[in-house]
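J.: sequence and predicted structure are below.
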Amino acid sequence: MDTLIVYASKHGCTEKCAELLSKELIGKVDIINLKKAMYTDISKYDKVIIGGSIYIGKIQKEVTEFCSKNLDKLKKKRIGLFICAMQGADIINTELNSNFNSELIKIADAKECFGGEFIFERMNFLEKFIVKKVSKVTSSKSNILEGNIHKLAQAMNAI
């Protein structure tokens with residue numbers, strides 16, 4: 001079964017997680033960054049895994065647009081969903097469920113949060129200011145949850 005991973009990444013964390021995920025999946029896997037290639041023919045894939053990072057409670061618009069434009073086709077696929085976010089475990093499910101179409105949430109075979117990163121060297125002044133104020137983080141920090149990447153891969157491999 002062929003798998004497509006589509007994602008949008010602003011500072012590279014989601015891209016890093018998508019690559020880690022691809023290494024754990026069985027079969028042919030293609031990866032597409034929606035910030036570089038918006039049009040994607042998903043007809044040849046059996047499984048589609050969609051991911052993005054959360055900024056101020058929202059996933060990238062490229063992910064939302066991809067899901068909206070392909071909703072009918074996606075409903076015929078096996079679906080995996082993931083977000084990259086640095087929020088606490090208490091709001092992760094809310095953020096995951098509120099950033100994807102409710103129909104995709106219902107049919108998803110697997111959903112996970114892969115954690116996230118604050119890489120200050122890649123942020124502009126405003127982003128650094130917001131992260132420092134809201135998250136109380138003053139330097140770069142990585143919290144990629146490789147165990148959750150493994151769990152999503154195992155769930156998708158079991159299909």
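T.: In hand now; what should we look at? Note that the structure is a prediction, hence the values are computed from the model and not measured. Numbering: from 1, shown residues only.
J.: which residues sit against stretch 6-20?
T.: Applying Cβ atoms under 8 Å, 6 or more residues apart in numbering, the external contacts of stretch 6-20 come out as 5, 31-35, 40, 48-53, 55, 59-60, 62-63, 66, 82, 84, 114, 116-117, 119, 122-123, 144, 146, 149. To be clear about C-beta, it is placed using only N, CA and C from the backbone, and glycine gets the same treatment.
J.: buried residues, that stretch. List them.
T.: 6-11, 13-18 (16 or more other Cβ atoms under 10 Å).
J.: give me the distance from stretch 11-20 to the chain's centre.
T.: Distance, stretch centre to chain centre, for stretch 11-20: 9 Å (Cα atoms, centre = their mean, to the nearest Å).
J.: what's the longest strand in the chain?
T.: strand 47-55 (DSSP state E).
J.: where do the strands of this protein begin and end?
T.: Using DSSP E, the strands of the chain run over 3-8, 29-33, 47-55, 58-59, 78-84, 108-113, 115-118, 141-144.
J.: need those in TSV with distance to residue 98, can you?
T.: Putting the strands of the chain into TSV (distance: least, Cβ to Cβ, whole Å) gives the following:
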stretch	distance to residue 98
strand 3-8	17
strand 29-33	23
strand 47-55	10
strand 58-59	9
strand 78-84	10
strand 108-113	12
strand 115-118	17
strand 141-144	21
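J.: figure out which of these is closest to residue 102.
T.: Proximity to residue 102 (Cβ to Cβ) singles out strand 108-113 among the strands of the chain, at 10.6 Å.
J.: what bridges to the residue nearest the centre of the chain?
T.: Geometric centre of the chain, nearest residue: residue 51, 2.0 Å, by Cα atoms, centre = their mean. Counting by DSSP bridges, residue 51 forms beta bridges with residue 7, residue 82.
J.: hey, where'd the helices end up in the chain?
T.: 13-24, 61-69, 71-74, 89-99, 102-107, 125-135, 146-157 (DSSP state H).
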